[in-house]
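In: Predicted model, plus sequence, below.
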Amino acid sequence: MIPKGILIVAPASGTGKTTLTLGVIAALRARGLSVQPFKSGPDYIDPAFHSAAAGRASVNLDSWAMGAAMLQGLAQDALGADLIVAEGSMGLFDGVAQVGAFGTGASADIASLMGWPVVLVLDVGGQAQSAAATALGFSVMRKDVKIAGVVLNKIASPRHQALVQDGMAQAGITVFGALPKNPAIALPERHLGLVQAQEHGDLDQFLAKAGAFVAQHVDLDALIAAASGAGIVVPAQPLRPPAQRIALARDAAFSFTYPHLLDGWRRAGAEIFPFSPLLDESPDPSADIVWLAGGYPELHAGRLAAAQNFRAAMQDFAARKPVHGECGGYMAMGAGLIDKAGTRHEMLGLLGLETSFAQRKMHLGYRAAHLLAPLPPYAPNTLLRGHEFHYATILSQPDAPLAMVRDANGASVAETGSTRLQPQGGRATGSFFHLIAEAA
């Protein structure tokens, strides 16, 4: 049986749900409980923090890109855990206008499907009893979503807390805890969100502080008691790996690959061989494909340009076998990358792509990609669902398009990706599109 769970959400981004989620996971783990984390929506960074706190890999659940069967199948990752603690994205009901594979991408879709009660984090700075009106509104927005209660964040004083709790009592809203302001457990950010977990120099200490803070101010027993949604295991849908032997770029420059993909590839029998371009390593020559993950090549462009062993090995590999790059990996496969200071760095040259961070523009949203060329293991005409999030500007994209790409509203997107045949029969492909699932 899948254990019971809760979903920690908020009315909006920046309210404190990630810090609370990490603190709850760390505090429960300190009690000796095994906690399985999940993340609603397309996010790479939060799950890495979840995984560090729980000691178990956090898994993304996305109602726009994944169908109900896939979502329920992924829940089996919680087998063997004592409790599920999932984190929402943006506001609880925030999603796109049109329904995708199952829903709109809203965290509320996941709460409804999984039967997880919602714990609402409220930033109550600058208000008192009025905060209850927000909680009450959330409790009646969707009848298929249960608000178990709230955690109050940014409490200014005991008097402030008493006033807010008075309003909640009048509205019949359960209060699980109240968190005073605490800059010591704030997480650093950069343009794509939080700084990566692997770059957090004192992560263990941070998680210990967050766990102790939450244990002091939140009723953990009440949270455990509120959990629900235990269910029968649904078989996971098989995920087709791009090849039997996959060389995967994996370091601070190439760190963004959805955990459910890697786990699905392994379950399908594929072997994954990580290597580090930043350490000037070569992909395993026995691999059948190289997969250059997304990440932050713009922060390491000088080192990548100087990695001559990596460059030569990649060019040799690509001449004979397929190479694919997602987002940051796509940029690294191009001819050149201009950093935010305006300096151009030579990249691998497997594609003609030129990108710039000196001319920043945010590109964000769900993407449906109708393949025009093969992308292992998918044949042309396959429809894939995924996500795009970057600040790079395309200066030149001269190769044949990889896919016809549309956003969640069906509008065409200029970032089509690229494909180029290589001298000895290899094929280079790349796209800003991050794969989440094949459309059912």
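Out: All right, it came through fine.
In: which helices and strands does the host helix or strand of Ala210 pack with?
Out: According to DSSP states H and E, Ala210 maps onto helix 203-217. Packing partners of helix 203-217 (3 or more CB pairs under 8 Å, 6 or more residues apart in numbering; DSSP states H and E): helix 17-30, helix 45-54, strand 175-180. All C-beta spots, glycine's among them, are computed from the backbone N, C-alpha and C.
In: Same list, those, but as CSV with mean neighbour count and distance to Leu220 please.
Out: Below are the helices and strands packed on helix 203-217 laid out as CSV (neighbours: other CB atoms under 10 Å; distance: least, CB to CB, whole Å):
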stretch, mean neighbour count, distance to Leu220
helix 17-30, 25, 6
helix 45-54, 23, 14
strand 175-180, 22, 9
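In: With respect to Val121, which of these lies nearest?
Out: Proximity to Val121 (CB to CB) singles out helix 17-30 among these, at 4.7 Å.
In: just how off-centre is that closest one within its chain?
Out: The chain centroid and the centroid of helix 17-30 are separated by 18 Å under CA atoms, centre = their mean, to the nearest Å.
In: now it against strand 175-180, angle please.
Out: Our comparison of helix 17-30 with strand 175-180, counting by axes from the mean of the first three to the mean of the last three CA atoms, to 10 degrees, yields an angle of 110 degrees.
In: Show me the strands in the stretch 101-250 of the chain, by range?
Out: 118-123, 147-155, 175-180, 189-190, 193-194, 245-249 (DSSP state E, counting those that start in this stretch).
In: for Ala373, what are its contacts?
Out: Pro380, Ala400, Pro401, Leu402, Ala403, Thr419, Arg427, Thr429 (CB atoms under 8 Å, 6 or more residues apart in numbering).
In: Then Ala287 would be within a strand, right?
Out: No - with DSSP: H, G, I helix; E, B strand; the rest coil as the criterion, Ala287 is located in coil rather than a strand.
In: Throw the strands of the stretch 101-250 of the chain into a markdown table and include distance to Ser396, thanks.
Out: Formatted as a markdown table, these follow (distance: least, CB to CB, whole Å):
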| stretch | distance to Ser396 |
| --- | --- |
| strand 118-123 | 44 |
| strand 147-155 | 46 |
| strand 175-180 | 49 |
| strand 189-190 | 26 |
| strand 193-194 | 28 |
| strand 245-249 | 23 |
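In: Which one, of the ones you listed, ends up nearest to Ile110?
Out: strand 118-123 (9.9 Å).
In: Pairing partners for that closest one, with directions?
Out: strand 5-9 (parallel), strand 147-155 (parallel) (DSSP bridges).
In: Identify, out of the ones you listed, the most deeply packed stretch.
Out: strand 5-9 (a mean of 28; mean count of other CB atoms under 10 Å).
In: Where do the helices of the stretch 51-200 of the chain begin and end?
Out: Counting by DSSP state H, counting those that start in this stretch, residue ranges of the helices within the stretch 51-200 of the chain are 68-74, 107-114, 131-141, 158-171.
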